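Enquirer: Pasted the sequence and its predicted model underneath.
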Amino acid sequence: MAKKNAYDASSITVLEGLEAVRKRPGMYIGSVSRKGLNHLVYEIVDNSVDEHLAGYCSEIHVTLEKDGSCTVEDNGRGIPVGMHAKGVSAERVVFTTLHAGGKFDDTAYKTSGGLHGVGSSVVNALSSWLDVRVMLDGKIYHDYYEQGIPKLELQGGLLPVVGKTSRTGTCIRFLPDPEIFEKTWFAEVELKSRLHETAYLNPNLKIYFTDDRGEKAESETFYEPDGIVGFVKELTAKEENVCEPIYFKGECDGILVECAFQYVNEFHENILGFCNNIYNAEGGTHLTGFKATFTTIMNTYARQLGILKDKDANFTGADVRNGMTAVISIKHPAPRFEGQTKTKLDNQDASRAVGKVTADEVVLYFDKHLDVLKNVLSCAEKSAKIRKTEERAKTNLLVKPKYSFDSNGKLANCESRNASKCEIFIVEGDSAGGSAKMARDRNYQAIMPIRGKILNVEKASIDKVLANAEIKTMINAFGCGFSEGFGNDFDITKLRYDKIIIMADADVDGAHISTLLLTLFYRFMPELIYEGHVYIAMPPLYKVIPSRGEETYLYDDKALEKYRKTHKSPFTLQRYKGLGEMDAQQLWETTLNPETRILQKVEIEDARMASDVTGMLMGNDVPPRKAFIYRHAQEALLDV
Ligand code: TTJ
């Protein structure tokens, strides 16, 4: 790097780089929705986690401030503030240079991959302002940016000292830019969930979270000394255990492998993969390595114990994982990611390493714990038994003529075959379904009414699910097939609709139907959710008809309160008890017309949320389920 004029030259590329980030923020943080907003916090926090992994940081404090900004503070060594080769403080380089994950080799910025770790300069570019305080060498150094542009004049390229301290660490405070983000209110439930996940993956790290935005501050500490064993226990907390969590770790070819798994009395598997502390929503090679080896081991045991006879076929992978909840966490020096959302681990050596460690450790464990082994194998036997019925059900579904997906006369399809324009509304109740059929634009909007409660797929086995007429119609209408988890039988490129819109009443029954549908999609067609095709329609709760002026729809009680405050003249209030009460015209205006309707996109932010769609929502306690749906309702965005 040339020293002469380096500052000028680099500041030009800096500005060009930041402009690119501001122009196409989605490329750098995934989206500008609520999820993208939270992502800013993760980007910053991940730097402190890296410092923890380097062995120098034991605490991170994350605070949501009253003014809408977020503060992240750690007790690490502090971002280096000394002179960088580019002629300014290294801190400036960190916050103004776009560095691709892993490419920033000057300092200790080994990064994690996927969208993560690309970093602090992206957060800086997308913030109205960002304030930096670095504590080291007994001093507090200060820096400050607006929309990514440095605002402090430096003396000889070095940061101003604003105080003395005996501590070391880094403190960043930033305000997301409302010019960039649809919403600038951090979603605390998702944030906490992700911070909790980070605590499970880093058992010696304490994360202190404070939400100071409400009338009284709310604080929570995430500290999980049991690590991923604790994580697995939490994921299975509401289910009936078949065994205690089994834990092992090991190393192979410079890759660290850590795994915890447990069996519960349920007909599903839940296997979560992490690489360098980042959740891999689309799985990848660490999971395939684990699964392949585990299947071989369990079949070997089953034959040794006489559970499988010579004439019997092997258990399938799905059989031996029936009822399994697992967390597989690896540390890889150079991870690569692929897949639609770049969250699928691609390194072949990860598959080998996980396979090797699993082969050694699982055998070591089961050789000593025959009772546990037998319990686990009985889960596989149960699965194999119902698999035969399942296979019959599956063929029945697939042999159905391809285009008669309106088999029971329920689906009112649209005329267009241009999938990128088409929408399908899954509507609760026949009467609302009837109105929706009249109100829709039949050119590109399809309506599928469903009656009452569809099957709870969390509790049912796959053959029952596929025997359900409404579910069959839905799977056929979407056109992609289905599979458990991310599988080859599902083909998203065949999807006939860009948007799948769940339309249910804003009451407890409606919330229940929404969660059943989400569970169905999540379990059998997760790509639909991960690739952003699933939405929840938000029908209004009220219509106000003022004596003078325009009629308007209000979507929640908060909006009504606000309307009462801002409109003094008398008005008539009409409350909708359900979709069925709306006529075709009203339904068009409020829930069908893309110009005026409100849709909530369904997004899954971390592993816990992924599990919660089934676990939290479908468990037997109603309150969290209601809270989930209602909270999503409050965050509904105008879909224009
Ligand atoms: C780099 O190598 C020398 C010693 O310090 C290392 C470092 O950068 N440590 C560090 C960075 N600790 N914490 C950070 C950090 C913290 C936050 C909240 C945000 C950012 C961008 C970095």
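Expert: Happy to help now that I have it. Residues are numbered from 1 along each chain as shown.

Enquirer: Now the stretch 451-600 of the chain against the ligand: closest residue?
Expert: Tyr530 (28.0 Å; CB to the nearest ligand atom). Heads up, the C-betas are built off the backbone N, CA and C, glycines and all.

Enquirer: give me the number of residues near that residue?
Expert: The local packing of Tyr530 (other CB atoms under 10 Å) involves 22 other residues.

Enquirer: what sits against it?
Expert: Listed by CB atoms under 8 Å, 6 or more residues apart in numbering, the contact partners of Tyr530 are Ala281, Glu282, Gln340, Thr341, Ile604.

Enquirer: Farthest-apart pair in those residues, please.
Expert: Greatest spatial distance among those (CB to CB): Gln340 and Ile604, at 13.4 Å.

Enquirer: out of those two, which sits in the more crowded spot?
Expert: For Gln340 versus Ile604, neighbours defined as other CB under 10 Å are more numerous around Ile604 (21 against 13).

Enquirer: Per-residue pLDDT of that one, please?
Expert: Per-residue confidence (pLDDT) for Ile604: 78.

Enquirer: Tell me if I am right that it is in a strand.
Expert: No - Ile604: not assigned to a strand; according to DSSP: H, G, I helix; E, B strand; the rest coil it is coil.

Enquirer: My guess is it contacts Leu528. True?
Expert: No - using CB atoms under 8 Å, Ile604 is not in contact with Leu528; the gap is 11.2 Å.

Enquirer: shared neighbours of the two, anything?
Expert: None of the residues lies in contact with both Ile604 and Leu528 under the rule CB under 8 Å, 6+ apart.

Enquirer: And the contacts of stretch 66-76?
Expert: Contact with stretch 66-76 is made by 40-41, 44-45, 48, 51-52, 54, 56-65, 167-176, 184-186, 212-213, as judged by CB under 8 Å, 6+ apart.

Enquirer: Redo the contacts of Tyr530 as TSV? Include distance to Val320.
Expert: Formatted as TSV, the contacts of Tyr530 follow (distance: CB to CB, whole Å):
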residue	distance to Val320
Ala281	23
Glu282	22
Gln340	28
Thr341	28
Ile604	26
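
Enquirer: so which of those comes closest to Tyr444?
Expert: Gln340 (23.6 Å).

Enquirer: burial count for the residue of the stretch 251-400 of the chain found nearest the ligand?
Expert: Nearest to the ligand in the stretch 251-400 of the chain, going by CB to the nearest ligand atom, is Asn277, at a distance of 14.9 Å. Asn277 has 21 neighbours, counted by other CB under 10 Å.

Enquirer: Thought Val49 was touching it, still the case?
Expert: Yes - when contacts are counted by CB under 8 Å, Asn277 is listed as touching Val49 (6.1 Å).

Enquirer: re the thing from before, just the buried residues from the contacts of stretch 66-76, in PyMOL please.
Expert: Burial among the contacts of stretch 66-76 is assessed by 16 or more other CB atoms under 10 Å; the matching PyMOL selection reads:
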select buried, resi 40+41+44+45+48+51+52+56+57+59+60+61+62+63+64+65+168+169+170+171+172+173+174+175+176+184+186+213
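
Enquirer: Let's see which of the contacts of stretch 66-76 end up in helices.
Expert: Among the contacts of stretch 66-76, the members found in helices (DSSP state H) are Leu40, Val41, Ile44, Val45, Ser48, Glu51, His52.

Enquirer: what subset of those residues is also close to the ligand?
Expert: Contacts with the ligand within these, counted by CB under 6 Å from any ligand atom: Ile44, Ser48, Glu51.
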